[in-house]
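Trainee: Give the three-dimensional model of this entry:
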Amino acid sequence: MTKKGIKIALFLVVFMVSMGFGQAEEMAETMRSNGKIFVVVGVILIIFSGILLYLFSTGKKVEKLERKIKELEGGS
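Mentor: Next up, the predicted model:
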């Protein structure tokens, strides 16, 4: 890619990001006025909690498997 192409691509990315922030702010204001922002925050919290629970349970399972592997290696 040429320097000119890189500059154009960078300009387009910056332009799209700046347009997105303006629309997101407008959407957030609309949701706040309708009272739906609390629903969005609640759904995000539920999803985040589920991801954390999944990660902790997976970590415990991995620790259990590591202990079993150590026992098997030590017993041989």
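Trainee: Secondary structure element holding residue 55?
Mentor: In this structure, residue 55 sits in helix 37-75 according to DSSP states H and E.
Trainee: let me fix that: residue 32
Mentor: helix 3-34.
Trainee: so where's the protein uncertain?
Mentor: 1, 17-24, 75-76 (pLDDT under 70).
Trainee: And the residue nearest the centre of it?
Mentor: The centroid of the chain falls nearest to residue 48 when counting by Cα atoms, centre = their mean (8.7 Å).
Trainee: Which other helices and strands does the helix holding residue 32 contact?
Mentor: Contact here means 3 or more Cβ pairs under 8 Å, 6 or more residues apart in numbering; DSSP states H and E; on that basis helix 3-34 packs against helix 37-75. Using the backbone N, CA and C atoms, a C-beta is placed for each residue, glycine as well.
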